[in-house]
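Engineer: How does the following fold in three dimensions:
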Amino acid sequence: MVERVNVAVVGLGAMGANALWRLAERGVSVVGFEQFTLAHPLGSSHGATRLFREACLEHPDLTPIAQLAKTLYRELEEHSGEELLRITGGVMMGAPDSDVIAGTRAAASAHGLALTDLSHAELAERYPQLAGLAETDVAVLDPGAGVAFPEPTIRAAVDRARSLGAAVVENTRVLAVEPGDDGVIVRTATGEWLADRVILAQGAWLAAELPWIELQPIRTPMTWFGPRATAADGASHAPSDVAAPDATEFALERLPVFVRQLSESEVLWGHGTVGAVAGPEKGALIKAGVGDIWQERVRIDPEQLDRGVTPADWRQVSALLAKAVPGIESLPARVDPCMVTISPDDQFVVGRSPRHPRVIVGGGDSGHAFKHAPALGEILARFALDEPQLVDTAFIDPARFA
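Structural biologist: Sure, this is the predicted structure:
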């Protein structure tokens, strides 16, 4: 027996879970499929925190999407009663002509955002945790930056969708998606659904569904670090020219979201400790990583992701932290494998498939999508229901690769 629905959503990660929620809010019949459990650690939407920035250095037109996402995060918080987004401001650092500084300024200028400029001296005084600042380094403060909490966000979106009547099929792989003139058949090992539209949002697995786009899944480890330990006699284990660290210096309120360009090809990002919302272990650690967009990329098969960790996974970030934030331990306290899917131009692939009007695509996260997740869900829902968009989506349209 074939079940009939308005929309089927394949994949309930960052984009899919939020699309399910936004469709359910409209009262349409919708079913979501997840091959694992909800908010699982096997894809691209886990890791306790994700950076949120309003002045989006990756593309100026991402800023309205981030602003829409912030509004929807707050709406979802009202439904769930949980904190899903914490705004503390963020600092972007580098040479005045660096990609990080220039990109942040371009986004702010395009959309009238107020940034605060910091000189080299002001940067050093305001953030004493930072070191190795070049004389040419400057900074801009994005007051709309902060951190989002991915696992609670996914659970909250799906819980809200369920409460509105959405069906959710977990631990079930979709075996086939077959668009036709009368709808789209979605097949699993246990049943079939006929949907008017289907949203494909399988993260790293989406690459296999869209061979006409060169989506590139890559493995990217997430790393967390603790403040440098202090010996029993009170002596710091930090280098001799670095003061003994105070753990409170590394709280998110003192060390907010930062993105620092150290050279043309080296970008370090991170944030301070966030507390209990991220759990007893990760909440007490500093999260840091390197920018994937500026790194050499090795394509992986998400079915065969290496989930072990070796020193190669943290060697670069440890070396950069030793120069940039020397009060942090050089060895990570935790390392978790993750995946991101890079598109050819490092922008999302979100919109109607040019290969079939009933198929909507949500992917190509390119390592910077979760901040936008609720808004991307809204965009996908609007494509599925032929509603006008609230923001410009031309630069993320899948048709640009057709």
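
Engineer: which helices and strands sit right next to the one helix or strand residue 316 maps to?
Structural biologist: Element membership for residue 316, per DSSP states H and E: helix 315-324. In terms of contacts (3 or more CB pairs under 8 Å, 6 or more residues apart in numbering; DSSP states H and E), helix 315-324 is packed against strand 267-271, strand 286-290. (C-beta placed from N, C-alpha, C; glycine too.)

Engineer: and if we set it to 10 Å?
Structural biologist: For helix 315-324, the packing partners by 3 or more CB pairs under 10 Å, 6 or more residues apart in numbering; DSSP states H and E come out as strand 222-225, strand 257-261, strand 267-271, strand 286-290.

Engineer: Looking at this structure, which helix is longest?
Structural biologist: Ranked by residue count, the top helix of the chain under DSSP state H comes out as helix 62-80.

Engineer: mean confidence score for the helix or strand following it?
Structural biologist: Sequence-wise, the next helix or strand downstream of helix 62-80 (DSSP H and E) is strand 85-87. For strand 85-87, the mean pLDDT works out to 98.

Engineer: so how far is strand 85-87 off the chain centroid?
Structural biologist: 14 Å (CA atoms, centre = their mean, to the nearest Å).

Engineer: And stretch 217-226, by the same measure?
Structural biologist: 13 Å.

Engineer: Now do that stretch: distance from first to last residue.
Structural biologist: Length of stretch 217-226, first residue to last, CA to CA, to the nearest Å: 29 Å.

Engineer: Could you pull up the contacting residues of the residue nearest to residue 198 when sequence neighbours are not counted?
Structural biologist: Of all residues not flanking residue 198 in the chain, residue 184 sits nearest, at 4.3 Å (CB to CB, 6 or more residues apart in numbering). Neighbour list for residue 184: 5, 7-8, 10, 177-178, 193-200, 356, 358-359 [criterion: CB atoms under 10 Å, 6 or more residues apart in numbering].

Engineer: for residue 349, same thing?
Structural biologist: Counting by CB under 10 Å, 6+ apart, residue 349 touches 206, 210, 213, 215, 341, 343, 361-366, 396-401.

Engineer: one more time with 7 Å, if that's ok
Structural biologist: The contact partners of residue 349, taken as CB atoms under 7 Å, 6 or more residues apart in numbering, are 213, 215, 343, 361, 363, 364, 396, 398.

Engineer: How much space separates the residue nearest to residue 198 from residue 1?
Structural biologist: Separation of residue 184 from residue 1 (CB to CB, to the nearest Å): 17 Å.

Engineer: Give me the below-cutoff pLDDT ranges for the chain.
Structural biologist: Applying pLDDT under 70 to the chain flags the ranges 230-247, 293-295.

Engineer: any idea which residue sits dead centre in it?
Structural biologist: For the chain, the residue nearest the mean C-alpha position is residue 370 (2.9 Å; CA atoms, centre = their mean).
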